[in-house]
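Undergrad: the amino acid sequence is not available; the structure is as follows:
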């Protein structure tokens with residue numbers, strides 16, 4: 001039987017991945033503290049509402065950001081990167097100057113510069129305006145790894161929930177409308193996720209080292225990896241829990 005293999009969240013959109021052993025989900029909401037903040041660039045302003053990803057600092061523009069790791073502790077976030085000293089800050093205080101100073105050297109000089117921190121609405125600040133989580137299988141990751149000739153780290157894809165077990169590669173792409181049950185939690189699968197160049201960056205180094213998009217197109221005829229899912233029934237999910245998929 002397939003199981004819940006990994007849980008990840010990303011407190012600041014595009015900047016820092018954090019692995020979890022368990023998390024409590026609520027209906028109609030994103031994963032708690034996932035994309036709860038985002039770094040505005042250029043002339044973008046904090047509107048208090050969802051905004052498209054082009055307004056924020058992202059790994060497709062700055063591959064070095066893909067090497068940031070995050071750890072939350074209460075209201076504080078610790079960020080680490082192989083080329084920077086660790087940063088500990090509290091985004092709820094409203095003072096993002098330390099964060100902006102920390103990521104600016106990691107950001108390309110020819111892109112609109114990071115300038116301020118935006119607080120996400122209740123629906124989160126993921127690329128899709130509808131609240132939910134992202135889901136993919138490690139079978140798909142292994143198949144893509146074989147296609148590119150090197151093991152790919154799950155962090156490349158910013159997925160919240162990774163599944164493993166008796167699943168065919170890319171099987172999850174056919175689950176639109178189906179329910180995924182993880183213990184007492186029910187997720188309803190929606191659209192496939194079309195990928196960008198952020199997935200080309202190695203999350204250990206922050207450097208582009210593989211053409212994931214070309215491999216997806218060449219072997220499967222698309223650039224989709226993972227699916228979006230809304231939370232229908234809330235509860236706590238734990239790594240290792242068996243999952244069921246049904247229409």
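TA: Perfect, I can see it now. All figures in this text were calculated on a predicted structure; none of them were measured in a lab. Numbers count the residues shown, from 1 in each chain.
Undergrad: for the chain, what spans make up the helices?
TA: Under the criterion DSSP state H, the chain carries helices at the ranges 97-103, 138-148, 212-220.
Undergrad: right, and those helices - which one's nearest residue 175?
TA: Residue 175 lies closest to helix 138-148 among those, at 12.0 Å (CB to CB). Backbone N, C-alpha and C define where each C-beta goes, glycine included.
Undergrad: how about that closest one: buried residues?
TA: Neighbour-count burial for helix 138-148, counted by 16 or more other CB atoms under 10 Å, picks out 138, 139, 140, 141, 143, 144, 145, 147, 148.
Undergrad: which other residues reach that helix?
TA: With contacts defined as CB atoms under 8 Å, 6 or more residues apart in numbering, helix 138-148 is touched by 5-6, 151-152, 154, 157, 162-164, 167-172, 210-212, 215-216, 218-219, 225-226.
Undergrad: per-residue pLDDT, the residue nearest in space to the middle of the chain?
TA: When CA atoms, centre = their mean is applied to the chain, the residue found nearest the centroid is residue 158 (2.6 Å). The model reports residue 158 with a pLDDT of 96.
Undergrad: sorry, back to before: which among the contacts of helix 138-148 end up buried?
TA: Neighbour-count burial (16+ other CB under 10 Å) is assigned, among those, to 5-6, 152, 154, 157, 162-164, 167, 169-170, 172, 210, 212, 215-216, 225-226.
Undergrad: test my guess that residue 69 contacts residue 82.
TA: No. Using CB atoms under 8 Å, residue 69 is not in contact with residue 82, being 9.6 Å away.
Undergrad: who has more neighbours out of the two?
TA: Counted by other CB atoms under 10 Å, residue 69 and residue 82 do not tie: residue 69 has more neighbours, with 17 against 11.
Undergrad: mind putting the helices of the chain in CSV, distance to residue 13 and mean pLDDT included?
TA: Shown next, in CSV, are these (distance: least, CB to CB, whole Å; pLDDT from 0 to 100):
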stretch, distance to residue 13, mean pLDDT
helix 97-103, 12, 94
helix 138-148, 22, 98
helix 212-220, 20, 97
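Undergrad: where does this structure have low pLDDT?
TA: 94 (pLDDT under 70).
Undergrad: which ones are touching residue 172?
TA: Residue 172 touches 135, 136, 137, 140, 163, 189, 226, 227, counting by CB under 8 Å, 6+ apart.
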